[in-house]
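Asker: What follows is a predicted structure for the sequence shown.
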Amino acid sequence: MATKRGALIVLEGVDKAGKTTQCNKLVSALQQSGRPAEMLRFPDRTTTIGQMISAYLEKKSELEDHTIHLLFSANRWELVPIMKKKLEQGITLVVDRYAFSGVAFTSAKPGFSLDWCKNSDTGLPNPDLVMYLQLSPAQAALRGQFGEERYETSNFQRKVQQKFEQLIQDSSVNWKVRVEEHCVTQ
Ligand code: TMP
């Protein structure tokens, strides 16, 4: 009998929304119920492209805004063969950020349309479910280490949140929104 394809589950939200904690819990719960599951995260900072992204986020290097957007996208594409293989093997992938973060963060910068931002990710494997963890930027700022990396300012996170709120209107994506008071602090 053919192996049942694994599910592709994505968690999205502003920085410090608790995505990593929830991804870990979901992977454990799936594994305990006998379903093979693994976690992935984007950016994957271990690859050559990921290291360029990491240096940019840590403010150790400067990159032009279109360039960094395309690097984030390339970082997803380079993982696609592995993702497809695991899904075909029946492994459910729980992914901490995906193309929605790519679109929300870049389009929060001046001069970027949602459409332009979506283009480079067109054709990536479609998630079966996208959980959006909603957290106000004020709450996010109270959580640990806010402000260390690029983008971690309340002002920018507010813009990102507005972009996510536009993205969750897209009914072709299976969005589930989880509100802040139910989130677990990272
Ligand atoms: P994280 O590794 O703590 O999740 O942080 C990654 C940062 O990069 C976060 O501020 C969101 C941002 N980001 C983008 O700007 N574009 C992307 O495509 C992704 C995946 C993340």
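Answerer: On my side now, so go ahead. Quantities reported herein were computed from a predicted structural model and do not represent experimental measurements. Numbers count the residues shown, from 1 in each chain.

Asker: Now for Ala141: which residues touch it?
Answerer: Gly147, Ser154, Gln157 (C-beta atoms under 8 Å, 6 or more residues apart in numbering). Bear in mind the C-beta positions are built from the backbone N, C-alpha and C, glycine included.

Asker: Please, where are all the strands along the protein?
Answerer: For the chain, strands defined by DSSP state E occupy the ranges 8-13, 37-41, 92-96, 129-133, 175-178.

Asker: Return the most buried member of those strands.
Answerer: Neighbour counts (mean count of other C-beta atoms under 10 Å) averaged over each of the strands of the chain peak at strand 8-13, with a mean of 25.

Asker: rewinding a little: TSV for the strands of the chain, including mean pLDDT and distance to Ser54?
Answerer: Putting these into TSV (pLDDT from 0 to 100; distance: least, C-beta to C-beta, whole Å) gives the following:
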stretch	mean pLDDT	distance to Ser54
strand 8-13	96	20
strand 37-41	98	12
strand 92-96	98	15
strand 129-133	97	23
strand 175-178	95	28
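
Asker: can you put these in TSV and add distance to the ligand?
Answerer: Below are the strands of the chain laid out as TSV (distance: least, C-beta to the nearest ligand atom, whole Å):
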stretch	distance to the ligand
strand 8-13	9
strand 37-41	6
strand 92-96	6
strand 129-133	12
strand 175-178	17
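
Asker: out of these, nearest to Ala140?
Answerer: Nearest of those to Ala140, taken as C-beta to C-beta: strand 8-13 at 9.0 Å.

Asker: Among the contacts of Ala141, which one sits closest to the ligand?
Answerer: Relative to the ligand, the closest of the contacts of Ala141 is Gln157; by C-beta to the nearest ligand atom it sits at 8.6 Å.

Asker: Poorly predicted segments of this structure, please.
Answerer: Residues of the chain that meet the criterion pLDDT under 70 lie in 1, 137, 144-145, 180-186.

Asker: Try it again at 80.
Answerer: For the chain, residues meeting the criterion pLDDT under 80 lie at 1-2, 136-147, 180-186.

Asker: which parts of it sit against the ligand?
Answerer: Contact residues (C-beta under 6 Å from any ligand atom) of the chain with the ligand: Asp15, Phe42, Pro43, Leu57, Phe72, Arg97, Ser101, Gly102, Phe105, Tyr151.

Asker: ChimeraX command to pick out the buried ones of those?
Answerer: Applying 16 or more other C-beta atoms under 10 Å to the residues of the chain next to the ligand, the buried members can be selected in ChimeraX as follows:
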select :15,42,43,57,72,97,101,102,105
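
Asker: Of the residues of the chain next to the ligand, just say which sits nearest to Leu167.
Answerer: When those are compared against Leu167 (criterion: C-beta to C-beta), the nearest one is Ser101, at 9.8 Å.

Asker: want to throw the contacts of Ala141 into TSV with distance to Leu8 and neighbour count?
Answerer: Shown next, in TSV, are these (distance: C-beta to C-beta, whole Å; neighbours: other C-beta atoms under 10 Å):
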residue	distance to Leu8	neighbour count
Gly147	32	9
Ser154	31	14
Gln157	26	24
